[in-house]
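[1] What follows is a predicted protein model with its sequence.
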Amino acid sequence: MPLMILTIVVFVTVVLVVFAFGAAAVTPSSVLGARLRALGGQPAQAPEKPAVKVRARLEQALDPISKAIPLSPSDVSRTRKWLIQAGLREPRYASYYLGARLVLAFVGLAGVLISPWGYSFSLLVCVPALGFFIPRFFLKRMIKDRQRRITIALPDALDLTVICVEAGLALDQALMRVGKDLHHAHPDLSDEFHLVNLEMRAGKPRAEALRNLVDRTGVDDIRSLVGTLIQTDRFGTSVSQALRIHSDSLRTARRQRAEEQAAKTTIKMVPPLVIFILVPFLFVTVGPALILAYRSLVSK
């Protein structure tokens, strides 16, 4: 057993030393990297800003770690889709996410190995697995929170869009205006409308830009809205009327969801009432009587 621990410690140490040397060699602002590039005949790079240098160092440090995770192309694309739905659109966040998963797994493994209480095979498996899945839990939580904010903001955005369309603006201009007006109240939906306008300005068809909006958000209400807009554009019906009807349906659905959550509160209150109120009440009321009965029986 000590030989196995020594082997694991030596292996982890060698990996960390090799990784630190490689990171120091490829960092643009490091002295070691500059000397190696000078020996190789590469020109010196221009100095960067401190914030850019810190971000570049973090990316270069986490990129080899993220590449060490054996993920298939479908897993990578799924991870990128999740990050985009959480509002993390830049490619560097994929390296941050995957690197954080591997780092937390190594930290969990090291914590189990150096634990003074000993370890077992189940701990060696469960603790690193828990560290590996913690970033995914937080990412899912970020996605749900962002989708909830977009769902709450959508009826107000549709009302403003109806007003803009009825005032004579085209749908593209109405989305751009609504995105600007909602920048402070609902920044998530405002950013999505801004991206839709950028895609349409770049030459993408409106239907494709709206479908990309569905993929970036993953919200069911957005999906139904996009389907309504695409059908309206295809059949040439009134956009303002379709938006007004859809806005009313969204408000009705939001009210029904609120009523559903309110109806669930009575069921959700039963376990706390039983655990934190009924059990102490029984102890307070029945407990003294049971103690007196026990004492009387024992004394006899």
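    Good, I have the coordinates.

[2] Now for residue 195: which residues touch it?
    Going by C-beta atoms under 8 Å, 6 or more residues apart in numbering, residue 195 touches 212-213, 216. From N, CA and C alone the C-beta is placed, and that goes for glycine too.

[3] Check residue 132 too.
    Going by C-beta under 8 Å, 6+ apart, residue 132 touches 101-102, 104-105, 108.

[4] repeat that with 7 Å
    Neighbour list for residue 132: 101, 104-105 [criterion: C-beta atoms under 7 Å, 6 or more residues apart in numbering].

[5] ok, and it, which helix or strand is that part of?
    For residue 132, the element it lies in under DSSP states H and E is helix 121-166.

[6] Report the mean confidence score over that helix.
    Helix 121-166 carries an average pLDDT of 90.

[7] what's the following helix or strand after that helix?
    The helix or strand immediately downstream of helix 121-166 is helix 171-181, counting by DSSP H and E.

[8] Could you check the angle the helix or strand following that next one makes with helix 121-166?
    Next helix or strand after helix 171-181 toward the C-terminus (DSSP H and E): helix 187-201. If you take axes from the mean of the first three to the mean of the last three C-alpha atoms, to 10 degrees, helix 187-201 sits at 70 degrees to helix 121-166.

[9] Return the set of buried residues in helix 187-201.
    Applying a neighbour-count criterion of 16 or more other C-beta atoms under 10 Å, one finds 188-193, 195-197, 199-200 buried in helix 187-201.

[10] Only C-alpha atoms, please: export stretch 283-296 in CSV.
    Listed next in CSV are the C-alpha coordinates belonging to stretch 283-296 (Å, rounded to 0.1, in the frame of the first residue of the first chain):
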residue,chain,number,x,y,z
PHE,A,283,-41.7,15.0,22.1
VAL,A,284,-42.9,18.0,24.1
THR,A,285,-46.4,16.6,24.7
VAL,A,286,-46.0,12.9,24.9
GLY,A,287,-42.4,12.8,26.1
PRO,A,288,-42.9,13.8,29.8
ALA,A,289,-45.8,11.3,30.1
LEU,A,290,-43.7,8.5,28.8
ILE,A,291,-40.8,9.4,31.1
LEU,A,292,-43.2,9.4,34.1
ALA,A,293,-44.7,6.1,33.1
TYR,A,294,-41.3,4.5,32.7
ARG,A,295,-40.2,5.8,36.1
SER,A,296,-43.3,4.4,37.7
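
[11] from the middle of its chain, how far away would it be?
    Chain-centre distance of stretch 283-296: 53 Å, with C-alpha atoms, centre = their mean, to the nearest Å.

[12] Then stretch 182-200?
    19 Å.

[13] Report the mean confidence score over it.
    What stretch 182-200 shows for mean pLDDT is 91.

[14] where do the helices sit along the stretch 1-150 of the chain?
    According to DSSP state H, counting those that start in this stretch, the stretch 1-150 of the chain carries its helices in the segments 2-26, 31-40, 50-67, 73-85, 92-113, 121-166.

[15] quick one: contacts of stretch 172-188?
    Residues contacting stretch 172-188 (C-beta under 7 Å, 6+ apart): 87, 146, 149-150, 153, 157, 160-161, 164-165, 169, 189-190, 193-194, 196-197, 200.

[16] how about a cut-off of 8 Å?
    Applying C-beta under 8 Å, 6+ apart, the external contacts of stretch 172-188 come out as 87, 146, 149-150, 152-153, 156-157, 160-161, 164-165, 169, 189-194, 196-197, 200, 206.

[17] need the contact list for the residue nearest the centre of the chain.
    What sits nearest the mean C-alpha location of the chain, by C-alpha atoms, centre = their mean, is residue 139, with 2.6 Å. Applying C-beta under 8 Å, 6+ apart to residue 139 gives the contacts 82-83, 86, 97.
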